[in-house]
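Q: I'd like to go over a predicted model; first the sequence, then the structure.
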Number of protein chains: 2
Amino acid sequence: VTVVVLGAGSWGTAYAKVLADAGSPVLLCARRPELASAINAHRENTDYLPGVELPPTITATVHVESALAQAHIVVLAIPAQTMRANVHSWAGSFPTDSTVVSLAKGIELNTCARMSEVIAQAGHITVDRIAIVSGPNVSAEIAAEQPAATVIACTDIDRARYLQQITATGYLRPYANADVIGCELSGAVKNVIALAVGMAEGMGLGGNSTASLITRGLAEITRLGVAMGADSRTFAGLAGLGDLVATCMSPLSRNRQFGQLLAKGQTLEQATAAIKTAEGVWSCLAIVKLATQYKVQMSIVEQVARVCHEGISPQEALAELMSHKLTDEFTAF
Amino acid sequence: VTVVVLGAGSWGTAYAKVLADAGSPVLLCARRPELASAINAHRENTDYLPGVELPPTITATVHVESALAQAHIVVLAIPAQTMRANVHSWAGSFPTDSTVVSLAKGIELNTCARMSEVIAQAGHITVDRIAIVSGPNVSAEIAAEQPAATVIACTDIDRARYLQQITATGYLRPYANADVIGCELSGAVKNVIALAVGMAEGMGLGGNSTASLITRGLAEITRLGVAMGADSRTFAGLAGLGDLVATCMSPLSRNRQFGQLLAKGQTLEQATAAIKTAEGVWSCLAIVKLATQYKVQMSIVEQVARVCHEGISPQEALAELMSHKLTDEFTAF
């Protein structure tokens, strides 16, 4: 089985290592020829995954078309907002019976489309051939072979199980799941909740507040997901809870850092200058749109959007969250 | 409504403050007369909650019987393993129509009984009059009035809703839930998972491993709970996930600290000498017993019990966890 990984950033490179360690030869496609040459010459991606020795069964290349011609499995390690244009440009080159695996997390801003929808549309690929990988997977830790678990989701569960078998290693344990909607939604909303957690931390609040935001945030994601046809169990699983906790605990999370700066009084412009991009700042808008469309209340996501884009303070947003009508735990709040 | 809180430790005292801030006069029963006098004289519990000013509507006392005679609501803030003896000694004094609220977390070791079962048996109280409070509630943070949420569970949901109304404050937001089994089980198992998280951290592992243990640990708790008749949603809620995350993130968690020491090569005896008690070290045995009884696989809890009581190393336990057969995410593993 030959695997082609499109995108040689940190997660693409780390996942190429997983695939090679699991026994498949991997063609890793980079955009820049000098990066591809350096990877082949030194067995290391010094730009995006420095200090990690790559297996000899990974070959870097810039020739996407000829790589795709050999592919049984195509892995897309490309940012969410450029996914459509990239897949569109390769649409004719995906072998007819290949499986396409997405590592991207996010919702397309203008269309509110999930990544698997974007790939299906732009690549003319039926959804049963598209799988997504999501879970508590900080790439530097995976590359260091620290034990973790992940989810491989595909509406064709047999395909998910097949991918599970050929991607398992001693350090990354995949679980198969048929719920693509739930996995993709979790990956997008978690960044917004991480922003809220960062705001709470920036206000000097402790573990109770963080844990409450994670829990009630997950309840919001779950409500939206179920309304969109997802399986509620996914949100309690590795792609939901697992990824959310890993992101909210990671000192490296840009969304969390961004929230901390907002709570300390920085404006959106100042925080953007300091952190560059924090995905949640923009996807909160797409998620508020989805929530309206599916008639689901998402109080935390709404307050994050108001802080980011309407100028209310994190302190006012929190007071607003705490003043809602008292309810049972499992109704909308 | 007069509330009597039995037990003036840190959580009992912090919760007495919540009740007083919510508008009820509170009688706070301490064991030692000098502690009760000091609380009344200085409006502070310097032994267990130093630096926190207590409202004037809290009156400390050592006279349990006369306090109970006035009680509409009795709050039990007593360690799990001494609950039975204490409730038994007061059995004749609970007013007939009073509501009994338990703050205790744990499973009785010899009987594997939950706290509400212990209270019902020892106090001759029907279960519809017994409520429990559980959630991400580190007492020092609640006492500092940092915003958090909690769950009040009672099989009589109207009683839970009533308690919710009279215990809500600007900083602690209660949610009503009818699932007492789920809330009690979550509170006990989380300490065992915190031990496992501490072990992973002591081995130098990062956020992916922690998040995977929390997620798969919660899946184990959920399976046991559902087998015992609990509502699976509780485990994804504040008493389940919320409390688990707060405990696993808290640097103050004894269970987490205990696991870290075991991973660094200390024996059970050495770690016990350093940390004193870590509830999970003992309740893992009761939970393994329950898992066997209900025929549920709980791999993480079992491995924690083997490390604590059979002398295998945390490294061996982790290797064992990672070598299980690959499965779908939502089957037993």
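A: Yes, it's here.
Q: isn't A:His72 right up against A:Pro25?
A: No - using CB atoms under 8 Å, A:His72 is not in contact with A:Pro25, being 10.3 Å away. All C-beta atoms are positioned from the backbone trio N, CA, C, and that covers glycine.
Q: tell me which parts of the stretch 151-300 of chain A are close to chain B?
A: Within the stretch 151-300 of chain A, the residues that sit near chain B (CB under 8 Å from any CB of the partner chain) are A:151, A:157, A:161, A:164-165, A:168, A:170-171, A:173-177, A:205-212, A:214-216, A:218-219, A:222, A:233-238, A:241-243, A:245-246, A:249-250.
Q: how distant is the top helix by length along chain A from the center of its chain?
A: Longest helix of chain A, by residue count under DSSP state H: helix A:180-202. Distance of helix A:180-202 from its chain centroid, counting by CA atoms, centre = their mean, to the nearest Å, is 10 Å.
Q: after it comes which helix or strand?
A: Remark: after helix A:180-202, the chain's next helix or strand is helix A:207-227, criterion DSSP states H and E.
Q: roughly how far is that next one from the heart of the chain?
A: 17 Å.
Q: partners of A:Leu28 in the sheet?
A: A:Val5, A:Ala60 (DSSP bridges).
Q: okay, it and chain B: tell me how far apart.
A: Distance, A:Leu28 to chain B, by CB to the nearest CB, to the nearest Å: 22 Å.
Q: can you list the weak-confidence ranges in chain A?
A: Within chain A, the stretches with pLDDT under 70 are A:331-333.
Q: could you look up the SS state of the residue nearest the centre of it?
A: Nearest residue to the geometric centre of chain A (CA atoms, centre = their mean): A:Lys105, 2.8 Å. Following DSSP: H, G, I helix; E, B strand; the rest coil, A:Lys105 is assigned to coil.
Q: OK, contacts around it?
A: By CB atoms under 8 Å, 6 or more residues apart in numbering or on different chains, A:Lys105 lies in contact with A:80, A:115, A:134, A:184, A:187-188, A:191, A:279.
Q: between A:His72 and A:Pro25, what contacts are shared?
A: Shared contacts of A:His72 and A:Pro25 (CB under 8 Å, 6+ apart): A:2-3.
Q: report the buried residues of stretch A:83-96.
A: By neighbour count on 16 or more other CB atoms under 10 Å in any protein chain shown, the buried set for stretch A:83-96 is A:83-84, A:86-87, A:90, A:93-94.
Q: out of those, who's nearest A:Asn45?
A: Proximity of the buried residues of stretch A:83-96 to A:Asn45, judged by CB to CB, is greatest for A:Asn86, which lies at 19.4 Å.
Q: which one of the buried residues of stretch A:83-96 sits closest to chain B?
A: Of all the buried residues of stretch A:83-96, chain B sits closest to A:Met83, with 24.1 Å by CB to the nearest CB.
Q: quick check: that closest one touching A:Glu108?
A: Yes - counting by CB under 8 Å, A:Glu108 is a contact partner of A:Met83 at 7.3 Å.
Q: in terms of secondary structure, what does the helix or strand where A:Val118 lies contact?
A: Per DSSP H and E: A:Val118 is located in helix A:115-123. On a contact count with 3 or more CB pairs under 8 Å, 6 or more residues apart in numbering or on different chains; DSSP states H and E, helix A:115-123 meets helix A:83-90, strand A:99-102, strand A:130-134, helix A:180-202.
Q: out of those, nearest to B:Val101?
A: Distance to B:Val101, taken as CB to CB, is lowest for helix A:180-202 among the helices and strands packed on helix A:115-123, at 27.7 Å.
Q: assign A:Tyr175 to helix, strand or coil.
A: Under three-state DSSP, A:Tyr175 falls in the strand class.
Q: list the contacts of the nearest residue to it once chain neighbours are set aside.
A: Nearest non-adjacent residue to A:Tyr175, counting by CB to CB, 6 or more residues apart in numbering or on different chains: B:Glu329, 3.9 Å away. Going by CB under 8 Å, 6+ apart, B:Glu329 touches A:151, A:175-177, A:233-234, A:237-238.
Q: change it to 6 Å
A: For B:Glu329, the contacting residues are A:151, A:175, A:177, A:237, by CB atoms under 6 Å, 6 or more residues apart in numbering or on different chains.
Q: repeat for A:Ala246
A: Contact analysis of A:Ala246 by CB under 6 Å, 6+ apart lists A:136, B:207-208, B:211.
Q: now do 7 Å
A: Contacts for A:Ala246 (CB atoms under 7 Å, 6 or more residues apart in numbering or on different chains) come out as A:136, A:138, B:207-208, B:211.
Q: want to try CSV for those, with distance to A:Gly259 as columns?
A: CSV is the format used below for the contacts of A:Ala246 (distance: CB to CB, whole Å):
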residue, distance to A:Gly259
A:Pro136, 19
A:Val138, 18
B:Gly207, 17
B:Asn208, 21
B:Ala211, 19
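Q: farthest pair within those?
A: Pairwise distances across the contacts of A:Ala246 peak at 8.9 Å for A:Val138 and B:Ala211 (criterion: CB to CB).
Q: so how far is the first residue of stretch A:197-210 from its last?
A: End-to-end span of stretch A:197-210 (CA to CA, to the nearest Å): 6 Å.
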